[in-house]
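> Quick check, what structure comes out for this input:
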Amino acid sequence: MIKTIDLKKHFVIGRKQTLHAVDGISLEIAENEILGLVGESGSGKSTFGKTLIGLHERTAGAAFYRGEPLPARFTARDHLKYSTDLQMIFQDPYASLNPRMTVLDIIGEGLALKGAPRSDIQQRVGYWLERVGLHPDHMSRYPHEFSGGQRQRIGIARAMIIEPTFVVCDEPISALDVSVQAQVVNLLQDLKQSLGLTLLFIAHDLSMVRYISDRMAVMYLGTLVESGPSNAVFFEPKHPYTQLLIASNPEADPALERTKPTQYIAGEITSPINLGPGCRFADRCPSVMSHCHNETPTPTIIATDHQVACHLYQ
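Prediction:
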C-alpha cells in the first residue's frame, strides 16, 4: 500500500547549514499491516511520517500510495484528494486540538470540508465518540474539559471519522498514563481489525511496538538501520544500535530488572547538520571498523524480510 524510495527531508537552517532530518528512507508497508517505527528522540521518525502524508514538502526521493506517486509538495487540492485515504494521529493531545472549537466541530471538520450536512455530521460524530469510548453528549464540550487520554481519543475519532485506509500514529501514547496507553493501543488494534486499517505506529516504547506491530523498523539519525518482523528485530537484533536499544529496554518484572546489567549507548548523538558519508552510528558503535566512518552501509537481507544496514554483514 505504501512505498518510499530514498525519501529525504532536509531543512535549511542557515548559510551553508542543512539539517538532514530524514536522509534516504526506503521501505514498504503492506495492506492491513502495522509497521512500528522506533528510535531515539531526534532520529527523524515524526518528520518521516509527516513528510510521507504531505505535511512537510519532500526534499528528494519518491513516495507511492497503492502504486500512485504522491506529490513532493501537497497543494490544498492534494490534501483534499488524499484526506479520505491518508490521516494522522498527532503526538500531543493538548496541542493538536483547537481550544476554540467544540468536539463536534473538531471531529466533524473533515466531513464538513467535504460538504456533508450538519445533521449527518452530528450523527457520525456521536457514533465515533461512542466508538472510541466517549459519550455523544461530549460533542458540545471544549478540549480543556477533557483529560489527556480523552483528548487522544478525540484525535483518533477525528482521524477515523472519514474512514481512511492508512494512518500515521505519531507517538499517540507517549503523553498518556500507562493504563490509558493500553486502552489506546487496544482501541487502535480493534479499529485495524474492523476497518482493515494500515498503520505506521511511531513510538519509543519498544515492548509496546513489538506488541502492536507486525513489522518493526529502527531509525537512527535520519536513516533506517534495521527492519523486519517485530519478534525477529526485538529478540534477535542484528545492528549494534538495535542491540543496545533493546538491551536498554526495562524489564516488566522488577526482580529481573534489578539483576539485569546496566546497558547504555555511549557518547552523544551526532549532529544532523551537514552530514557526510559513512555510518551515522560509527561514533558510538562498539563494533566500529575503520571504513565505517567513510563508507555508507547499504541494506543487506540477512533473513526472510529482515534487513540491516551495517558493514558487519556486508
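
> and stretch 35-48, how far from the chain's centre?
6 Å (Cα atoms, centre = their mean, to the nearest Å).

> Quick check: end-to-end length of it?
With Cα to Cα, to the nearest Å as the measure, the ends of stretch 35-48 fall 13 Å from one another.

> can you give me the mean pLDDT across it?
Stretch 35-48 shows an average pLDDT of 92 in the prediction.

> contacts for that stretch?
Contact partners of stretch 35-48, identified using Cβ atoms under 8 Å, 6 or more residues apart in numbering, comprise 7, 9, 21-23, 25, 27, 29, 49, 56, 91, 170-171, 199-204, 206, 209-210, 212-222, 230, 245, 269, 272. In this view, the C-beta of every residue, glycine as well, is placed from N, C-alpha and C.

> if we go to 6 Å?
Residues lying outside stretch 35-48 but in contact with it, judged by Cβ atoms under 6 Å, 6 or more residues apart in numbering, are 9, 21-22, 25, 29, 170, 200-202, 206, 209, 213, 215-220, 222.

> Those residues in strands, which ones?
9, 21-22, 25, 29, 170, 200-202, 215-220 (DSSP state E).

> of all the residues you listed, which comes closest to Phe281?
If you rank the ones in strands among the contacts of stretch 35-48 by distance to Phe281 using Cβ to Cβ, Tyr220 comes first, at 5.6 Å.

> give me the number of residues near that closest one?
26 (other Cβ atoms under 10 Å).

> Identify the bridge partners of it.
Bridge pairing for Tyr220 (DSSP bridges) gives the partners Thr223.

> isn't it right next to Tyr241, touching?
Yes: here Tyr220 reaches Tyr241: they are 5.2 Å apart, a contact under Cβ atoms under 6 Å.

> quick one: low-confidence ranges for the stretch 101-250 of the chain?
By pLDDT under 70, the low-scoring segments of the stretch 101-250 of the chain are 175.

> which residues in it form strands?
Using DSSP state E, counting those that start in this stretch, the strands assigned to the stretch 101-250 of the chain run over residues 166-170, 198-202, 215-220, 223-229.

> closest to Tyr127 out of those strands?
With Cβ to Cβ, the closest approach to Tyr127 among those belongs to strand 166-170: 18.1 Å.

> now that closest one: how far from the chain's centre is it?
Average the C-alpha atoms of strand 166-170, do the same for its chain, and the two points are 6 Å apart (Cα atoms, centre = their mean).

> Residues contacting that strand, please?
With contacts defined as Cβ under 6 Å, 6+ apart, strand 166-170 is touched by 46, 49, 53, 86-91, 159, 197-202.

> if we go to 7 Å?
1-2, 46, 49, 52-53, 85-91, 159, 188, 197-202 (Cβ atoms under 7 Å, 6 or more residues apart in numbering).

> Could you tell me which of these are located in helices?
With helices taken from DSSP state H, the overlap with the contacts of strand 166-170 comprises Ser46, Gly49, Leu52, Ala159, Leu188.

> which of the residues you listed sit farthest apart?
Based on Cβ to Cβ, the longest span within the ones in helices among the contacts of strand 166-170 runs between Leu52 and Leu188 and measures 18.1 Å.

> Tell me which of these two has more neighbours.
Neighbours were counted for Leu52 and for Leu188 using other Cβ under 10 Å; Leu52 has more, 26 against 22.

> That one and Ala62: what is the separation?
Summarising the geometry, the distance separating Leu52 from Ala62, computed by Cβ to Cβ, to the nearest Å, is 11 Å.

> joint contacts of the two?
Contact with both Leu52 and Ala62 is made by residues Thr4, according to Cβ under 7 Å, 6+ apart.

> Pull the contacting residues for Phe74.
With contacts defined as Cβ under 7 Å, 6+ apart, Phe74 is in contact with Gly54.

> That one in helix, strand or coil?
When the structure is split into helix, strand and coil by DSSP: H, G, I helix; E, B strand; the rest coil, Phe74 lands in coil.

> what about it, distance to Arg58?
The value you get for Phe74 to Arg58, if Cβ to Cβ is used, is 9 Å.

> Right, I'll call it a day here.
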